[in-house]
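Engineer: Only the shape, not the letters, is given here:
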């Protein structure tokens, strides 16, 4: 019996409150001397009325808070999505801005430099330590041929090693197989640039050749490979052994080879119009 009352206590409270209210209304219409029943009824039903009122108010507050939290969570999720989308958009704008500024500098160089050239994007690179190469998205269908020079505004990048109709492989000047003649810009002293994977060396510098740290090394245009006067690197160290007939200078490359995203392939150099610039062998 107690369990039944406990189970339906809210319903019983409502019924008792309702009965009490009816009795109260009935007694209000009677004479003042008969109001003792009304007073007793109000006294007995007041705690139940307060309990019912509290329960109903609490339930309403809980319901209102629940729906508020649901809406707040939904709004929070929407804001997170908007923040994520805006972050991606900002990152895209930053990347496009960086690429635009970098490309703008290179295109300005292309307009100022008289050599005929085409721009190519880097689409791949070598994955071993024995070869230093890049893959570009220009090939024979675009006029590219083997041994064509590849440069940037900063300086020499390399040469075209292999060609297919729509792609080519560029051998970087850092490659161990790479070598070409160059000169010290300040003194016009000749030497031969070798790649060593980690950097560059200007070898076969005459013992009496005037070479200092900070000297700029440029192409001499006599190899039939690179246009004349393109910057190769900066001398950072000079070495010479007693039994050797030449000096060797370690060079710091001027091109940031780890950050190359696009290059220019020189199709025709005005500095060598009198002789074939490139060999097609």
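Structural biologist: Here it is on my side, so go on. Every value quoted in this text rests on a predicted model; they were computed, and no experiment measured them. Residues are numbered from 1 along each chain as shown.

Engineer: residue ranges with poor pLDDT in the protein?
Structural biologist: For the chain, residues meeting the criterion pLDDT under 70 lie at 1-61, 63-64, 66, 84, 86-114, 127, 269-281.

Engineer: And the strands in it?
Structural biologist: Ranges of strands in the chain, per DSSP state E, are 116-125, 133-136, 149-151, 156-163, 168-172, 179-184, 190-195, 200-206, 216-219, 231-239, 246-253, 262-268.

Engineer: Which strand residues bridge residue 118?
Structural biologist: Judged by DSSP bridges, the bridge partners of residue 118 are residue 265.

Engineer: My guess is residue 223 contacts residue 178. True?
Structural biologist: No. When contacts are counted by CB atoms under 8 Å, residue 223 is not listed as touching residue 178 (11.5 Å). In short, each C-beta sits where N, CA and C put it, glycine included.

Engineer: ok so, going back, would a markdown table of the strands of the chain with distance to residue 74 be doable?
Structural biologist: Formatted as a markdown table, the strands of the chain follow (distance: least, CB to CB, whole Å):
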| stretch | distance to residue 74 |
| --- | --- |
| strand 116-125 | 44 |
| strand 133-136 | 48 |
| strand 149-151 | 55 |
| strand 156-163 | 54 |
| strand 168-172 | 54 |
| strand 179-184 | 66 |
| strand 190-195 | 60 |
| strand 200-206 | 61 |
| strand 216-219 | 64 |
| strand 231-239 | 60 |
| strand 246-253 | 56 |
| strand 262-268 | 46 |
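
Engineer: So which residues of the chain form helices?
Structural biologist: Using DSSP state H, the helices of the chain run over residues 2-7, 9-28, 36-112.

Engineer: burial count for residue 82?
Structural biologist: Counted with other CB atoms under 10 Å, the neighbours of residue 82 add up to 10.

Engineer: An error on my part: the question was meant for residue 198.
Structural biologist: Number of residues near residue 198 (other CB under 10 Å) recorded here: 9.

Engineer: Can you tell me how far it is from residue 78?
Structural biologist: Counting by CB to CB, to the nearest Å, the gap from residue 198 to residue 78 is 52 Å.

Engineer: For residue 144, list the residues it contacts.
Structural biologist: For residue 144, the contact set (CB atoms under 8 Å, 6 or more residues apart in numbering) comprises 118, 120, 138, 160, 163, 168, 265, 267.

Engineer: Give the bridge partners for the spatially closest residue to residue 213 that is not a sequence neighbour, please.
Structural biologist: For residue 213, ignoring the flanking residues on the chain, the nearest one in space by CB to CB, 6 or more residues apart in numbering is residue 235 at 5.5 Å. Residue 235 has these beta-bridge partners by DSSP bridges: residue 251.

Engineer: what's the answer for residue 202, then?
Structural biologist: residue 193, residue 249.

Engineer: Pull the number of nearby residues for it.
Structural biologist: When neighbours are counted by other CB under 10 Å, residue 202 registers 28.

Engineer: Residue 130 too?
Structural biologist: 9.

Engineer: Not counting residues beside it along the chain, what's closest to it?
Structural biologist: Closest residue to residue 130 apart from its sequence neighbours, by CB to CB, 6+ apart: residue 176 at 7.2 Å.

Engineer: Would you confirm that the one you found contacts residue 195?
Structural biologist: Yes. Here residue 176 reaches residue 195: they are 5.7 Å apart, a contact under CB under 8 Å.
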